[in-house]
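> build me a model from this:
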Amino acid sequence: MRVVEGDADLGAVMRRIGRQARQAARALGLASAEAKNAALQAMAAAIRARSERILAANALDVADARAKGQAASFVDRLVLDEGRVAAIADAVAEIASLPDPVGRVLANFTRPNGLLIERVATPLGVIGVIFESRPNVTADAGALCLKAGNAAILRAGSESFRTSSEIAAAMAEGFASAGLPATAIQLVPTRDRAAVGEMLAGLDGNIDVIVPRGGKSLVARVQSEARVPVFAHLEGLCHVFVHADADLAMAKEIVLNAKLRRTGVCGSAETLLVDRACAATHLQPLVAMLLDAGCAVRGDEATQKIDARVTAASEEDWRTEYLDAIISVRVVDGLGAAIDHIESFGSHHTDSIVTRDSAAAERFLSEVDSAIVLHNASTQFADGGEFGFGAEIGIATGRMHARGPVGVEQLTSFKYRVRGSGQIRP
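Residues are numbered from 1 along each chain as shown. Predicted structure coming up:
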């Protein structure tokens, strides 16, 4: 995995990376579970051993981001400390402990003519990952792709380039010790944004799928220009609906966590919907709690009346992913109105209902067409690690086979194996 910045002919460099990834993917597709797991454990150990160098590089990246006036939420996604580096290594090691997704028999049946047919999980091939400020994606994406037998081409954002390069170098140390192809995980060796365009064009057919991890402008560009399939979400417009039969204490805990645990993640709640049937008892405590915790509240007319600190919400607020300590609040006329609001303004990412009414919960879980729908739980559980996937390569909100947290199982395709005994078709 070469991590050297700059080259006279970027197109030639990128095409070479694509060819190397395709060759590595063939070998990885045949690698044993034991070999892949040994590589992952070695990669995790190397990240831990290289922690000081990773943090030193990160300090430079963070300083540059702050000097450029990047938003606090952006910096939060970029910054690492000892705990976060340890968590990155732990996630890689946890991926090693997952069942191997390759070779799973997904279905098997026998035809009347005696043909035995199996549908078997196979790697996707070469996965391109384009990401911005989250340096942990370097490790998460590389490790997940490796576990699923895929080669990975990683393009880090310029803001996290130093950090990602150090993480990639640590992974390379571990990777080499397992005897797997050195080009199975490659970090694009330049900050030049033209590399993104090269990847979106497919590198002469050598990229099988693109995963963007970043802001709205990046994801919009990828979805618009990519000539290969894309696993992506454009925005995380996540909602919490406090139903008429919600326990207030539970609602307060869930709403506070959903909004403020980490405001810069895509699972952060951006809109709070409160059932008019419980607004008299629930709205004021919920809004006051958020305001007292330092969260700005933009509300509809009913919400503005209960606290002078609430500012008026515009139509645009219902469509805004703040990624900051800001939330929009609306009183709605029951479950149906809440579902309608989510359908009208949401992004099909993650939405939650708080209620003791099991029938209301089941209707919400059934009718809300989001990748992740929760009952009595925080939207911040929209995370592959929390789903037991070890990590995630991204959250997909489309309707392809990969939806929600994209983990190792979602990074596979399948083929049919057919066994006969001399059958011919009449």
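
> the strands in the stretch 51-200 of the chain, which residues?
105-110, 116-123, 126-131, 151-155, 185-187 (DSSP state E, counting those that start in this stretch).

> show residues contacting the shortest one.
Put plainly, it is strand 185-187. 1-3, 17, 20-21, 138, 142, 145-146, 151-156, 164-165, 168, 171-172, 175 (Cβ atoms under 8 Å, 6 or more residues apart in numbering). Where C-beta positions appear, they are placed from N, C-alpha and C, glycine not excepted.

> adding mean pLDDT, distance to residue 40 and mean neighbour count, write the strands of the stretch 51-200 of the chain out as JSON lines.
Formatted as JSON lines, the strands of the stretch 51-200 of the chain follow (pLDDT from 0 to 100; distance: least, Cβ to Cβ, whole Å; neighbours: other Cβ atoms under 10 Å):
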{"stretch": "strand 105-110", "mean pLDDT": "97", "distance to residue 40": "24", "mean neighbour count": "10"}
{"stretch": "strand 116-123", "mean pLDDT": "97", "distance to residue 40": "15", "mean neighbour count": "17"}
{"stretch": "strand 126-131", "mean pLDDT": "94", "distance to residue 40": "16", "mean neighbour count": "28"}
{"stretch": "strand 151-155", "mean pLDDT": "95", "distance to residue 40": "13", "mean neighbour count": "28"}
{"stretch": "strand 185-187", "mean pLDDT": "93", "distance to residue 40": "11", "mean neighbour count": "27"}
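
> which of these sits closest to residue 213?
Distance to residue 213, taken as Cβ to Cβ, is lowest for strand 126-131 among the strands of the stretch 51-200 of the chain, at 3.8 Å.

> what lines up beside the closest one in the sheet?
If you go by DSSP bridges, strand 126-131 pairs up with strand 151-155 (parallel), strand 209-213 (parallel).

> and the contacts of the last one?
Contacts of strand 209-213 from elsewhere in the structure, counted by Cβ under 8 Å, 6+ apart, are 124-125, 127-132, 134, 137, 141, 199-200, 218-219, 222-223, 226, 228-232, 393-394, 406.

> count the neighbours of the closest residue to residue 82 other than its chain neighbours for me.
Sequence neighbours aside, residue 51 is the residue nearest to residue 82 in space, at 6.6 Å (criterion: Cβ to Cβ, 6 or more residues apart in numbering). By other Cβ atoms under 10 Å, the residues close to residue 51 number 17.

> quick one: residue 51 from residue 44, how far?
12 Å (Cβ to Cβ, to the nearest Å).

> return the distance of residue 317 relative to residue 275.
In this view, residue 317 and residue 275 are 20 Å apart by Cβ to Cβ.

> so the two - more neighbours on which side?
residue 275 (25 against 21).

> just put the strands paired with strand 126-131 in CSV and tack on distance to residue 324.
Output for the strands paired with strand 126-131, formatted as CSV (distance: least, Cβ to Cβ, whole Å):
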stretch, distance to residue 324
strand 151-155, 26
strand 209-213, 19
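
> any idea which of those strands gets closest to residue 11?
Relative to residue 11, the nearest member of the strands paired with strand 126-131 by Cβ to Cβ is strand 151-155, separated by 14.4 Å.

> and residue 296, which of the strands of the stretch 51-200 of the chain is closest to it?
Across these, closest to residue 296 is strand 126-131 (Cβ to Cβ), at 28.3 Å.

> show me what the lengthiest helix in the chain is packed up against.
Ranked by residue count and defined by DSSP state H, the top helix of the chain is helix 10-30. Counting by 3 or more Cβ pairs under 8 Å, 6 or more residues apart in numbering; DSSP states H and E, the packing neighbours recorded for helix 10-30 are strand 116-123, strand 126-131, strand 151-155, strand 185-187, helix 194-200.
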